[in-house]
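*Asks:* one predicted model, sequence on top.
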Amino acid sequence: MLASIRLLTSLFTPEEVGNYYLALSILAFFNLVLLNPPSMYFSRHLLEWKLSKNLLNAIFIFFLWMLIVAVISVLAITILFDTTNYIEKFNLELFILFIVSAIIISTTHRNLIYGLNTIGFRKEFVVFLVITLMLGVIFSSALVYFHEAKSLYWLYGVILSEVLMLFFAFKFFIRGNVLDLKKIQITITKDRLKNIVKFTTPIGITTFLMWGQSMSYRFIVDYKYSAEVLGFISIGLGMSSAVFGSLEAILMQYFSPIFLKDILNASKPQRAKAWNKMASLVIPIYILALVFTIAMSKELISILTDPKFHDSYIYGMVGASTEFFRVISNLLNNVSQSEYKTQYTIMPYAIGFLVALFTLTIFDFGENVVMIPIVLSFSYFFVCIVMYVQMKKLLNIKLNVNFLKVLAFSIPFGLIFFLPVSSSIFHSMSYLGFFGAYFLLSVWIVVNYKLKRIK
């Protein structure tokens, strides 16, 4: 995931990097607003369906919904291209094919791969995910290098890697399950549909607001400034996102199945205890990652991007705080799903979305574009605070974190600012290796200390 940033910045111009992030933002709309809510319902009931041998029936119903979303996307993209200048950035037919393929193939791949982890196939989950990412980098690089340096061809390479891994993931996922159309017909009752709509509609509203908060800046920057400016900002923020995204994926790979198992048929105090236990282990890691990413932003950018993007490190430093508040908000979001009270997440993201949208639209930051990620960081800060207040209404959650201890372990990262500055990649690798090792050591000490306290 991190290596792909280096290749992107080497093979693409800043303007094409901006187009790449625009394409991802448009796809993210369909993913977050129309596909993510039923995906969350799917994940929430995965263990139940495994026990009742209904996994294949569930994925079949979800596949039908993906086809409906694909049809909607064709109409939406056609209207979008008719009302904007995006026809100058992308080929319409290729773009529609990419969106439809991503909606069907990428969504299926994502739900199967992460579903494997939830139902107990952890080793297979890791293997399939790593192979998919490796093949994606290889195919994307080959298409861009040998065919044309356009963002859509990079994205087609990613989809091709997912296609190749789908069969193997599907084989493990449906093990012991058979498709039973009669059982599906009996199961899909009016009451079940009402429950699904009740669960997913607030999530859909929330994820639309999340999309607006995290992605709308790309459209605003592209329109008010340029695709080139968008490319520089997106690379800096993308670096922080890649670090925290990778870390969050690893942590949730381990903790989510445990959390879902702990809240299955559990009482309200037991569900609160399950979240408190997870948060007490995860939050210290996120804090250390925040300090690490800020301190090592310059080194990370110099290693992960082409030299023409090295000045983007300042956006990466600010982006680290944005990502920190985002992952904490995601962690809090687990409370609403455990309680089936997903409507409580609407207010936090509405506030964050409005703060980001109005500030970036009203003010002109052309002379100081670093204010754009700063605005995004503040908007996510408000989301995090309001989300915590909202989740406290649902469960008696507590932040059982020794913040002074975590702060003490964070101080040594400040040494990087006193070391000699060098543009040499050798120095950057050395600094990153040393402080990366310290980061892992500090995480190991803090987590093991907490585990002993819990036991």
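*Replies:* Alright, I've got the coordinates.
*Asks:* neighbouring contacts of stretch 389-399?
*Replies:* Contact with stretch 389-399 is made by 268-269, 271-272, 275-276, 279-280, 283, 332, 335-336, 338-339, 341, 344-345, 347-348, 388, as judged by Cβ atoms under 8 Å, 6 or more residues apart in numbering. To be clear about C-beta, it is placed using only N, CA and C from the backbone, and glycine gets the same treatment.
*Asks:* do me a favour and get the end-to-end distance for that stretch?
*Replies:* Separation of the first and last residues of stretch 389-399 by Cα to Cα, to the nearest Å is 12 Å.
*Asks:* what's the mean pLDDT across it?
*Replies:* Stretch 389-399 comes out with an average pLDDT of 88.
*Asks:* before we move on, what about stretch 438-450?
*Replies:* Rounded mean pLDDT across stretch 438-450 is 87.
*Asks:* and that stretch, how far out from the chain middle?
*Replies:* Averaging C-alpha positions (Cα atoms, centre = their mean, to the nearest Å) puts stretch 438-450 24 Å from its chain's average.
*Asks:* now for residue 388, how many residues are close by?
*Replies:* Residue 388 has 16 neighbours, counted by other Cβ atoms under 10 Å.
*Asks:* isn't it right next to residue 332, touching?
*Replies:* Yes - counting by Cβ atoms under 8 Å, residue 388 does reach residue 332; the two are 6.0 Å apart.
*Asks:* now for the helix or strand that contains residue 216, which elements pack on it?
*Replies:* When elements are assigned from DSSP states H and E, residue 216 belongs to helix 190-224. In terms of contacts (3 or more Cβ pairs under 8 Å, 6 or more residues apart in numbering; DSSP states H and E), helix 190-224 is packed against helix 14-29, helix 36-44, helix 227-263, helix 346-362, helix 371-392.
*Asks:* try it again at 6 Å.
*Replies:* Packing partners of helix 190-224 (3 or more Cβ pairs under 6 Å, 6 or more residues apart in numbering; DSSP states H and E): helix 14-29, helix 36-44, helix 227-263, helix 346-362.
*Asks:* can you check the pLDDT for the closest residue to residue 204 other than its chain neighbours?
*Replies:* Closest residue to residue 204 apart from its sequence neighbours, by Cβ to Cβ, 6 or more residues apart in numbering: residue 37 at 4.5 Å. The per-residue pLDDT reported for residue 37 equals 85.
*Asks:* and for residue 410?
*Replies:* So, for residue 410, pLDDT stands at 91.
*Asks:* also residue 165?
*Replies:* Residue 165 carries a pLDDT score of 88 in this model.
*Asks:* surely it and residue 132 touch.
*Replies:* Yes - with contact defined as Cβ atoms under 6 Å, residue 165 reaches residue 132; the gap is 4.8 Å.
*Asks:* please identify the helix or strand for residue 410.
*Replies:* Remark: residue 410 resides in helix 403-410, with elements defined by DSSP H and E.
*Asks:* quick one: list the elements packing against that helix.
*Replies:* Taking 3+ Cβ pairs under 6 Å, 6+ apart as the contact cut, helix 403-410 packs with helix 268-295.
*Asks:* from the chain's centroid, how far away is the helix it packs on?
*Replies:* 17 Å.
*Asks:* could you list the domains of this structure?
*Replies:* Annotated domains of the chain cover 1-188, 207-455 [automatic domain parsing].
*Asks:* dump those to CSV, plus distance to residue 199.
*Replies:* Converted to CSV, the domains of the chain look like this (distance: least, Cβ to Cβ, whole Å):
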stretch, distance to residue 199
domain 1-188, 5
domain 207-455, 6
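*Asks:* quick one: closest of the ones you listed to residue 194.
*Replies:* Nearest of those to residue 194, taken as Cβ to Cβ: domain 1-188 at 11.4 Å.
*Asks:* re the thing from before, can I get the CA coordinates of the helix holding residue 410 in PDB?
*Replies:* Provided in PDB are the C-alpha atoms of helix 403-410 (Å, rounded to 0.1, in the frame of the first residue of the first chain):
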ATOM      1  CA  PHE A 403      -2.100   9.200  28.800                       C
ATOM      2  CA  LEU A 404       1.000  10.200  30.900                       C
ATOM      3  CA  LYS A 405       2.700   6.900  30.200                       C
ATOM      4  CA  VAL A 406       2.000   7.100  26.500                       C
ATOM      5  CA  LEU A 407       3.200  10.700  26.400                       C
ATOM      6  CA  ALA A 408       6.400   9.600  28.100                       C
ATOM      7  CA  PHE A 409       7.000   7.000  25.400                       C
ATOM      8  CA  SER A 410       6.300   9.700  22.700                       C
END
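*Asks:* ChimeraX command for the buried members of the contacts of stretch 389-399?
*Replies:* Buried members of those, defined by 16 or more other Cβ atoms under 10 Å, are picked up in ChimeraX with:
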select :271,272,275,276,279,280,283,332,335,336,338,339,341,344,345,347,348,388
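*Asks:* so residue 398, which state does it fall into?
*Replies:* Secondary structure state of residue 398, per DSSP: H, G, I helix; E, B strand; the rest coil, is coil.
*Asks:* count the neighbours of it for me.
*Replies:* Residues near residue 398, counting by other Cβ under 10 Å: 13.
*Asks:* for residue 256, see how far away the closest residue to residue 342 other than its chain neighbours is.
*Replies:* Sequence neighbours aside, residue 202 is the residue nearest to residue 342 in space, at 4.1 Å (criterion: Cβ to Cβ, 6+ apart). Remark: distance between residue 202 and residue 256 (Cβ to Cβ, to the nearest Å) = 20 Å.
*Asks:* residue 259 touches residue 279, doesn't it?
*Replies:* No - counting by Cβ under 6 Å, residue 279 is not a contact partner of residue 259; they are 9.9 Å apart.
*Asks:* that older thread, between the helices and strands packed on helix 190-224, which one is nearest to residue 106?
*Replies:* Smallest distance to residue 106 across the helices and strands packed on helix 190-224 (Cβ to Cβ): 8.3 Å, for helix 14-29.
*Asks:* if we can go back for a sec, what's the offset of the helix holding residue 216 from the middle of its chain?
*Replies:* Distance of helix 190-224 from its chain centroid, counting by Cα atoms, centre = their mean, is 14 Å.
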